[in-house]
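In: From the sequence below, what's the structure:
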Amino acid sequence: MSRAIHVQATPDMIEAICRKHAYRISTVEPLDSGGSRVVMLDPRDAEAFRVLMKGKLIAGTVARSSSHIARQLPPSARWR
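Out: All right, here's what the predicted structure looks like:
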């Protein structure tokens, strides 16, 4: 199960919900296509967050900000 979740909510709203329910966040980023991408530290937190936000989940592809994508290593440089 993926720890990354795309949800129709602001980063501030996501952080408040996660703080209230003690979900541990790795990162939250706004999406260019609308909504936010949140990555949880624990897959169990991610699943609980999905259940909690089931009406606001974004299905399909999303447009991420180039500033966040630029921080990722190219496929050739990733761990093997």
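
In: Under the pLDDT cut-off, which ranges of the protein? List them.
Out: 1, 67-80 (pLDDT under 70).

In: could you redo the last one with a cut-off of 50?
Out: Flagging of the chain using pLDDT under 50 yields the residue ranges 80.

In: Quick check on the closest residue to His6 other than its chain neighbours: phi, psi?
Out: In this structure, His6 finds its nearest non-sequential neighbour in Ile58, 4.0 Å apart by CB to CB, 6 or more residues apart in numbering. C-beta: built from backbone N, CA, C; applies to glycine. Main-chain dihedrals, Ile58, degrees, to the nearest 10: phi -100, psi 120.

In: which residues of this structure fall in strands?
Out: 4-7, 25-30, 36-40 (DSSP state E).

In: Just name the most buried of these.
Out: Mean neighbour count (mean count of other CB atoms under 10 Å) peaks for strand 36-40 among the strands of the chain, with a mean of 21.

In: before we move on, the earlier item: want to throw the strands of the chain into TSV with distance to Arg50?
Out: Putting those into TSV (distance: least, CB to CB, whole Å) gives the following:
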stretch	distance to Arg50
strand 4-7	6
strand 25-30	14
strand 36-40	10
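
In: which one of those strands lies closest to Met53?
Out: Evaluated over the strands of the chain, closeness to Met53 peaks at strand 4-7, with 5.2 Å, by CB to CB.

In: Touching that closest one from outside, list them.
Out: 14, 31, 35-40, 46, 49-50, 53, 56-58, 62 (CB atoms under 8 Å, 6 or more residues apart in numbering).

In: do the same with stretch 25-40
Out: 3-11, 14-15, 18, 23-24, 41, 46, 49, 56, 58, 62-65, 68.

In: Check those residues for burial and list the buried ones.
Out: By neighbour count, with 16 or more other CB atoms under 10 Å, those hold 3, 5-7, 9, 11, 14-15, 18, 23, 46, 49, 58, 64 as buried.

In: Of those residues, which belong to helices?
Out: Taking DSSP state H as the definition of helices, those contribute 11, 14-15, 18, 46, 49.

In: Kind regards, and thank you for your time.
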